[in-house]
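Enquirer: Coordinates for the following, if possible.
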Amino acid sequence: MKAGVLVGQIIDARKIKRIALAEAANVDRKTLRTLESGTRAPQPEVLKRVLEALGLPQKGDFDLRYSDRTRAFMASVAPIFDQLPAEAMDDAQNDVVVLLTGKLARATHNSGVISHMDNFRRRNDSSASEDESSTEEKAAAFDANKIKRRDDDSEFF
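Expert: Okay, here's the model as predicted:
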C-alpha cells in the first residue's frame with residue numbers, strides 16, 4: 001500500500017480535518033490531496049512532516065529518541081517478548097512497566113510516576129475490569145517502599 005493512501009486512511013479513521021493537518025504539517029491542501037491519492041510519490045520531506053503532524057513515528061526516531069543503553073535493553077528483551085504466546089504479551093508488557101515504574105519511583109523518590117503507570121495500564125489493559133484497589137495498593141507500596149524481595153534480590157509485590 002502506498003504511504004499516501006495509508007495517510008488518507010489514518011486521517012479518516014481519526015476524523016482529522018484535512019485543513020488542520022495541512023496547517024500542522026506546513027503543506028498546501030493540494031499537496032496533501034495529491035499525497036492521499038497516491039498518484040505521485042510524495043517528496044520525502046513532505047511525507048515526513050505529514051507523518052510527524054499525525055504523531056506517527058519515523059524510521060530513525062528510535063535511534064534518536066533513546067540512549068544506547070535503552071536500545072540495548074529493548075533489543076535484549078524483544079526476542080524474549082516475541083517468544084511469548086500472544087495472550088500473555090499484554091500481561092508481560094504490563095509487568096515490565098510496573099517493575100520499571102516502581103524502580104523509577106524509588107530511585108527518584110517520586111510517587112508521581114505512579115500516575116504514569118496507571119495511565120499506561122488504562123490505555124493497554126484489555127480487561128478494563130481490573131480492581132481499582134489493587135492499583136491503589138500498588139501505588140501505596142511504591143510510596144511506602146514496601147516492595148518485597150525474592151531470594152535473587154529482584155522485587156515483586
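Enquirer: CA-only coordinates of stretch 40-53, as PDB, when you get a sec.
Expert: The C-alpha trace of stretch 40-53 is given here as PDB (Å, rounded to 0.1, in the frame of the first residue of the first chain):
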ATOM      1  CA  ARG A  40       2.600  10.700  -7.400                       C
ATOM      2  CA  ALA A  41       5.300   9.600  -4.900                       C
ATOM      3  CA  PRO A  42       5.500  12.300  -2.200                       C
ATOM      4  CA  GLN A  43       8.600  14.200  -1.600                       C
ATOM      5  CA  PRO A  44      10.300  12.600   1.500                       C
ATOM      6  CA  GLU A  45      10.300  15.900   3.400                       C
ATOM      7  CA  VAL A  46       6.600  16.400   2.800                       C
ATOM      8  CA  LEU A  47       5.700  12.900   3.900                       C
ATOM      9  CA  LYS A  48       7.900  13.300   7.000                       C
ATOM     10  CA  ARG A  49       6.100  16.500   8.000                       C
ATOM     11  CA  VAL A  50       2.700  14.900   7.500                       C
ATOM     12  CA  LEU A  51       3.600  11.800   9.400                       C
ATOM     13  CA  GLU A  52       5.000  13.900  12.300                       C
ATOM     14  CA  ALA A  53       1.800  16.000  12.300                       C
END
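Enquirer: Next, the buried residues of the longest helix seen in the chain.
Expert: With secondary structure taken from DSSP state H, the chain has its longest helix at helix 86-108. Under the neighbour-count criterion of 16 or more other CB atoms under 10 Å, helix 86-108 has 94, 98-99, 101-102, 104-106 buried. All C-beta atoms are positioned from the backbone trio N, CA, C, and that covers glycine.
Enquirer: Now do the helix or strand that Leu51 is a member of: which elements does it pack against?
Expert: Using DSSP states H and E, Leu51 sits in helix 44-53. Under the contact criterion of 3 or more CB pairs under 8 Å, 6 or more residues apart in numbering; DSSP states H and E, helix 44-53 touches helix 3-14, helix 18-25, helix 29-37.
Enquirer: Considering the buried residues of helix 86-108, which is situated nearest to Tyr66?
Expert: Nearest to Tyr66 out of the buried residues of helix 86-108 is Leu104 (CB to CB; 15.4 Å).
Enquirer: Low-confidence bits of this structure, can you list those?
Expert: Applying pLDDT under 70 to the chain picks out residues 1-2, 59, 61-63, 110-157.
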